[in-house]
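Visitor: build the 3D model from these lines:
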Amino acid sequence: STDQLFGRNNVKRRFGELGHSQNAPKAKKRRGNLPIQATTHLRAWLFSHRDKPYPSEEEKSELVDLTGLTLVQINNWFSNARRRILNKKDKSSSPPSSQNNST
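Guide: Just a heads-up that it's a prediction; the model follows:
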């Protein structure tokens with residue numbers, strides 16, 4: 001009967017107190033930014049090694065100790081920084097292309 005299917009206890013059991021299915025996917029947690037002091041150290045290292053922005057394992061270990069971040073966070077930060085920070089700086093400092101300057 002509909003009372004058995006939609007009775008208050010059955011609805012609670014299936015959907016919880018808020019009326020959401022217990023099988024519904026969880027909302028993603030918002031990611032946090034890294035501490036400013038840590039990114040300051042990483043940016044300083046990156047810009048002072050712009051010609052070779054790949055820290056050695058020993059340098060990464062020192063950055064882990066200095067920043068308090070994990071090795072995975074250091075690796076991810078450098079991977080993203082090479083794409084986002086260095087490429088942006090290179091593009092902004094290079095002269096404009098002359099492809100669209102035809103007369």
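Visitor: check Pro55 and give its pLDDT.
Guide: With respect to pLDDT, Pro55 scores 98.
Visitor: thought it was touching His41?
Guide: No. Look at Pro55 against His41 with C-beta atoms under 8 Å: they stay out of range, at 11.5 Å. No exception for glycine: its C-beta is placed from N, CA and C like everyone else's.
Visitor: between those two, which contacts overlap?
Guide: Where contact means C-beta atoms under 8 Å, 6 or more residues apart in numbering, the residues bridging Pro55 and His41 through contact with each are Leu63.
Visitor: can you point me to the longest helix in this protein?
Guide: helix 36-48 (DSSP state H).
Visitor: that helix: what's the following helix or strand?
Guide: helix 57-67 (DSSP states H and E).
Visitor: that next one: which residues count as buried?
Guide: Of the residues in helix 57-67, those buried by neighbour count under the rule 16 or more other C-beta atoms under 10 Å are Lys60, Leu63, Thr67.
Visitor: wait, doesn't the last one sit right on Thr40?
Guide: No. Using C-beta under 8 Å as the test, Thr67 is too far from Thr40 to be in contact (9.1 Å).
Visitor: low-scoring stretches of this protein, by residue?
Guide: 1-25, 94-103 (pLDDT under 70).
Visitor: try it again at 50.
Guide: Residue ranges of the chain with pLDDT under 50: none are present.
Visitor: from Lys28, how far off is the residue nearest to Asn33 when sequence neighbours are not counted?
Guide: Nearest-residue entry for Asn33: Thr39, 8.0 Å, with adjacent residues in sequence omitted and distances by C-beta to C-beta, 6 or more residues apart in numbering. Applying C-beta to C-beta, to the nearest Å, the value for Thr39 to Lys28 is 23 Å.
Visitor: what about the two, which has more around it?
Guide: Using other C-beta atoms under 10 Å as the criterion, Thr39 and Lys28 rank with Thr39 on top: 16 against 6.
Visitor: this completes my enquiry, with thanks.
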